[in-house]
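>>> here are the coordinates; sequence isn't available:
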């Protein structure tokens, strides 16, 4: 007799969860530069000019600059790198795991004011607004937002040996707003954070202490900015040529701190000194081969290299270079707009800012009056 075999069917598997609905929304990222007091009003950054971001050195000849202004430079890199698809649950460095949980940024456009950049576009994902927020951590280098933050940070060219002067003691904030109202965006792509830009510069005293070298300038004289009517402008100018380029310190007139003092009444400038990297074995040959030049405007308003200056190194400190023979009068400055220029080849390692005492490229210049008792020290850098 055959045994009766009973069979039971397993309960059916639950249906897979429905995929989250793909949605799109519009948002505007705002990159805002805040100065030392925490507001844009104290910032010297200028997206509408090119000096603030000219990592390779600024030129007054627009044809020699790779971008017309900082807005164009940032737009170039942001539109190239930001228009992308991200996985909001994967590490940006994980190239082995199939991408999932995707978010796409597209249709970007950029506009600028002096201290802010607006980039508006479309975000498409299955998570937006508050649903996306738990996956956004710009401080975690394994988070997808870290690579997105890096895209914002890159055009500033803030590295171990370079720092935009307009970012010293300043911050760059990125936050999103609604395109229609300008109010904070909570429903599309909510973010608000400062970029990891840490810009600072050392004082003359700090540099001397860190290198164990004499304080610049070497003489016992009044080195305070504004001691005399002469100053060095903060931005160097690069004059590019086919085979030889010049890095130039722009000289100008300044309102003296005390116009009635002996220093404040100075009317001529004949000697300057520079604080360079005396440990650079190529520096002496570099100066000898290229030379230091006075560049002035002629009667037609065109710049010319007026003469090669007499130079000598200090016997007290091998990092200090003197240049003499300027023979400039305060009354000539408006017409001549004088510059002191270092000549060199066109390789980037030959620029003067990689040969200064300061590791971030700041070139300290002391301007001496005829008595030598007044020597205001000013700094310049390429961006």
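Yep, that arrived. Because the structure is predicted, anything quoted here is derived from the model rather than measured.
>>> quick one: what helix or strand has residue 380 in it?
strand 377-380 (DSSP states H and E).
>>> And that strand, what does it pack against?
Under the contact criterion of 3 or more Cβ pairs under 8 Å, 6 or more residues apart in numbering; DSSP states H and E, strand 377-380 touches strand 230-232, strand 363-368. C-beta here means a position set from N, CA and C on the backbone, and glycine is covered the same way.
>>> Rounded mean pLDDT for the shortest one, please.
Summarised as a single mean, pLDDT over strand 230-232 is 97.
>>> what about it, distance to the chain center?
23 Å (Cα atoms, centre = their mean, to the nearest Å).
>>> residue contacts, the residue nearest the centre of the chain?
With distances taken as Cα atoms, centre = their mean, the residue of the chain nearest its centroid is residue 164 (2.6 Å). Counting by Cβ atoms under 8 Å, 6 or more residues apart in numbering, residue 164 touches 45, 52-53, 156-158, 199, 383.
>>> What separation is there between residue 366 and residue 351?
Separation of residue 366 from residue 351 (Cβ to Cβ, to the nearest Å): 21 Å.
>>> So these two - more neighbours on which side?
residue 366 (24 against 21; other Cβ atoms under 10 Å).
>>> That one and residue 272 touch, don't they?
Yes - when contacts are counted by Cβ atoms under 8 Å, residue 366 is listed as touching residue 272 (6.4 Å).
>>> Show me which helix or strand of the protein is least confident by mean pLDDT.
Within the chain, no helix or strand scores below helix 144-153, which has a mean of 85 by mean pLDDT, DSSP states H and E.
>>> which other residues reach that one?
In contact with helix 144-153 (Cβ under 8 Å, 6+ apart) are residues 31, 77-78, 81-82, 86-92, 103, 135-140, 172, 174, 191, 193, 195-197.
>>> any idea which helix or strand carries the nearest residue to residue 191 once chain neighbours are set aside?
Excluding its sequence neighbours, the residue lying closest to residue 191 (Cβ to Cβ, 6 or more residues apart in numbering) is residue 176, at 5.4 Å. Counting by DSSP H and E, the element that carries residue 176 is strand 171-177.
>>> quick check: mean pLDDT across the very next helix or strand once past that strand?
The helix or strand immediately downstream of strand 171-177 is strand 192-194, counting by DSSP H and E. Strand 192-194 comes out with an average pLDDT of 92.
>>> Please list all residues in contact with residue 350.
245, 286, 344.
>>> who wins for neighbours among those residues?
Neighbour max across the contacts of residue 350 (other Cβ under 10 Å) = residue 245, 23 neighbours.
>>> which one is that residue nearest to, not counting chain neighbours?
residue 346 (5.4 Å).
>>> That concludes my questions; thank you for your assistance.
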